[in-house]
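Novice: Quick one: sequence plus predicted model below, questions after.
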Amino acid sequence: MRASPGIPSCVRCWPRAPTGRWVSRRRSGSPPKTSRAPSSRASTPVRSRRRRRWRTSPGRSTLCRTSVTARRRRQTATAYLFLLPGLLLFAVFRVYPLLEGLRLSFTNARLGRAAYQFVGLANYTRLLEDARFQVSLWNTGFYTLASTLPVLAVPLGLAVALNRGALRNVLRSAFFFPFTLSVVTVGLTWLWLLDPVVGPFNYYLRALGLPARSWLADPATAMWAIIATTVWWVTGYYLVIYLAGLQDIPRELYEAAALDGAGSGHAFLAITLPLLRPVLLFVVVTHVIGSFQIFGQVFVLTDGGPGDATRTAVQHLYETAFKNFFQFGAASAMAWVLFAIILVFSVLQFRLLRGHTEY
């Protein structure tokens with residue numbers, strides 16, 4: 001049956017009755033019967049009319065915007081109030097030493113000297129003539145480059161192997177355990193492992209009929225021993241980060257690749273590595289920054305020896321500031337040069353490895 005003119009045939013569009021109750025439709029499909037004829041005012045719901053009047057009222061809209069702005073300001077003030085202790089600690093222990101070191105780098109400051117003079121760029125130009133500082137920079141750069149590839153490859157291989165399996169949680173904890181140790185503990189452990197007399201490495205080399213070596217006393221192997229120590233120490237940390245990135249990759253991509261006939265190696269190169277780009281960027285940047293600041297392993301294992309074979313920039317800075325007549329001005333200049341080098345390498349890495357990853 002066709003609906004009467006002026007009354008919609010859809011139930012959802014029928015108006016409310018004047019009593020405020022919805023009118024029920026008959027089974028025959030005929031239009032509802034109401035006590036009054038529907039007017040244009042009654043055809044609009046009461047709630048819609050109220051909302052329309054609220055929106056068109058300038059006084060109420062202004063009051064609403066004012067209250068929302070005040071609420072946001074209170075929330076922002078509360079957030080900064082909670083951040084204030086952390087910001088104060090950051091300013092006192094980070095920002096102030098940074099700026100004070102920059103100021104000292106332009107002076108001839110030294111421990112015990114009451115007054116020191118402004119020397120301009122003399123501390124920076126003197127670094128161009130400091131042969132030991134240049135050697136330490138070279139050793140630091142070699143350590144950074146030589147340790148980056150193992151730090152990228154070893155944890156990634158272990159993460160791919162431990163991504164599945166019933167014992168992955170146990171093995172993950174076992175690999176992560178060395179990272180919980182302090183650098184002094186790690187250094188003393190490897191100092192015993194590499195001992196030429198009682199060390200386990202030389203013991204098994206003798207058992208196999210191979211000649212024993214003084215790993216830390218030989219300039220050809222001392223830096224590689226420090227690299228092996230660092231890789232063993234940080235592998236568990238980067239392993240957990242790689243596992244988190246692997247678990248975010250949808251399994252449907254590997255299933256689709258398997259249906260297309262791709263093997264595990266091709267799937268790793270075409271799916272895993274491209275989608276792990278943000279994780280690789282994080283690992284490379286953090287490792288490079290930490291490598292330029294290496295000090296603890298060298299100080300415990302070799303103390304920069306034999307000769308200057310393992311002397312790093314931070315160790316040379318430490319000896320300049322706290323051993324060689326406490327030359328704080330020259331040491332501050334070294335620190336800022338090292339900071340500039342780290343900043344340049346970090347920017348280059350972000351430029352080369354940045355990219356948007358879509359799953």
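Specialist: Done, it's in. Residues are numbered from 1 along each chain as shown.

Novice: Would you mind measuring from the residue nearest the centre of the chain to Tyr242?
Specialist: Most central in the chain under C-alpha atoms, centre = their mean is Phe282, positioned 5.5 Å from the mean C-alpha point. Distance check for Phe282 against Tyr242: by C-beta to C-beta, to the nearest Å, it reads 10 Å. C-betas here are computed from N, CA, C, even on glycine.

Novice: swap in Gly187?
Specialist: 25 Å.

Novice: if you count what's nearby, which of those two comes out ahead?
Specialist: A count of neighbours by other C-beta atoms under 10 Å puts Tyr242 above the other of Gly187 and Tyr242, at 24 against 21.

Novice: OK, contacts around the nearest residue to the more buried one once chain neighbours are set aside?
Specialist: Distances taken as C-beta to C-beta, 6 or more residues apart in numbering put Ala159 closest to Tyr242, at 3.5 Å, once the chain neighbours are dropped. Applying C-beta atoms under 8 Å, 6 or more residues apart in numbering to Ala159 gives the contacts 239, 242-243, 246.

Novice: quick one on the thing from earlier: what about the nearest residue to the residue nearest to the centre of the chain once chain neighbours are set aside, helix or strand, and which?
Specialist: Sequence neighbours aside, Ile241 is the residue nearest to Phe282 in space, at 6.9 Å (criterion: C-beta to C-beta, 6+ apart). Element membership for Ile241, per DSSP states H and E: helix 222-247.

Novice: Now do that helix: which elements does it pack against?
Specialist: helix 131-162, helix 168-176, helix 183-193, helix 277-292, helix 296-301 (3 or more C-beta pairs under 8 Å, 6 or more residues apart in numbering; DSSP states H and E).

Novice: hey, which of those is tucked in deepest?
Specialist: helix 296-301 (a mean of 20; mean count of other C-beta atoms under 10 Å).

Novice: what does that helix contact?
Specialist: Contacts for helix 296-301 (C-beta under 8 Å, 6+ apart): 183-184, 186-188, 190-191, 194, 216, 222, 225-226, 229-230, 233, 304, 310-312, 315, 318.

Novice: repeat for stretch 101-116
Specialist: Residues from elsewhere that reach stretch 101-116 (C-beta under 8 Å, 6+ apart): 117-124, 325-329, 332-333, 335-336.

Novice: From those residues, list the buried ones, please.
Specialist: 119, 123-124, 327-329, 332-333, 335-336 (16 or more other C-beta atoms under 10 Å).

Novice: quick one on the thing from earlier: residues shared between the contacts of Phe282 and Tyr242?
Specialist: Joint contacts of Phe282 and Tyr242 (C-beta under 8 Å, 6+ apart) do not exist.

Novice: The buried ones among the contacts of stretch 101-116: which two are farthest apart?
Specialist: Within the buried ones among the contacts of stretch 101-116, Val119 and Ala335 form the most distant pair, 16.3 Å apart (C-beta to C-beta).

Novice: How about Ala225, nearest residue that isn't a chain neighbour?
Specialist: Excluding its sequence neighbours, the residue lying closest to Ala225 (C-beta to C-beta, 6+ apart) is Trp215, at 4.7 Å.

Novice: And Ala131, how far from Asp308?
Specialist: Distance from Ala131 to Asp308, by C-beta to C-beta: 9 Å.

Novice: just Ala330 next, same as before
Specialist: Taking C-beta to C-beta, one finds Ala330 at 18 Å from Asp308.

Novice: Tell me which of these two has more neighbours.
Specialist: Using other C-beta under 10 Å as the criterion, Ala330 and Asp308 rank with Ala330 on top: 26 against 17.

Novice: ok, so what distance separates the more buried one from Phe299?
Specialist: From Ala330 across to Phe299, the span is 20 Å (C-beta to C-beta).

Novice: what's the answer for Phe176, then?
Specialist: 25 Å.

Novice: same deal with Ile241?
Specialist: 27 Å.

Novice: what does Arg213 give?
Specialist: Counting by C-beta to C-beta - Arg213 and Phe299 are separated by 22 Å.

Novice: if we can go back for a sec, would you list the helices and strands packed on helix 222-247 in TSV and tack on mean pLDDT and distance to His266?
Specialist: Converted to TSV, the helices and strands packed on helix 222-247 look like this (pLDDT from 0 to 100; distance: least, C-beta to C-beta, whole Å):
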stretch	mean pLDDT	distance to His266
helix 131-162	93	14
helix 168-176	84	24
helix 183-193	94	38
helix 277-292	92	18
helix 296-301	94	38
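
Novice: For Arg72, find the nearest of those helices.
Specialist: Short answer: helix 277-292, nearest of these by C-beta to C-beta, at 31.8 Å.

Novice: Which elements pack onto the helix or strand encompassing Arg351?
Specialist: Arg351 is part of helix 328-353 when elements are defined by DSSP H and E. Applying 3+ C-beta pairs under 8 Å, 6+ apart, one finds that helix 328-353 contacts helix 96-104, helix 122-127, helix 277-292, helix 313-322.

Novice: Extract the C-alpha set from the second one and format it as PDB.
Specialist: Translated: helix 122-127. C-alpha atoms of helix 122-127 as PDB (Å, rounded to 0.1, in the frame of the first residue of the first chain):
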ATOM      1  CA  ALA A 122      94.100  27.900  21.200                       C
ATOM      2  CA  ASN A 123      92.900  24.600  22.800                       C
ATOM      3  CA  TYR A 124      91.300  23.600  19.500                       C
ATOM      4  CA  THR A 125      94.300  24.500  17.400                       C
ATOM      5  CA  ARG A 126      96.600  22.600  19.800                       C
ATOM      6  CA  LEU A 127      94.700  19.400  19.100                       C
END
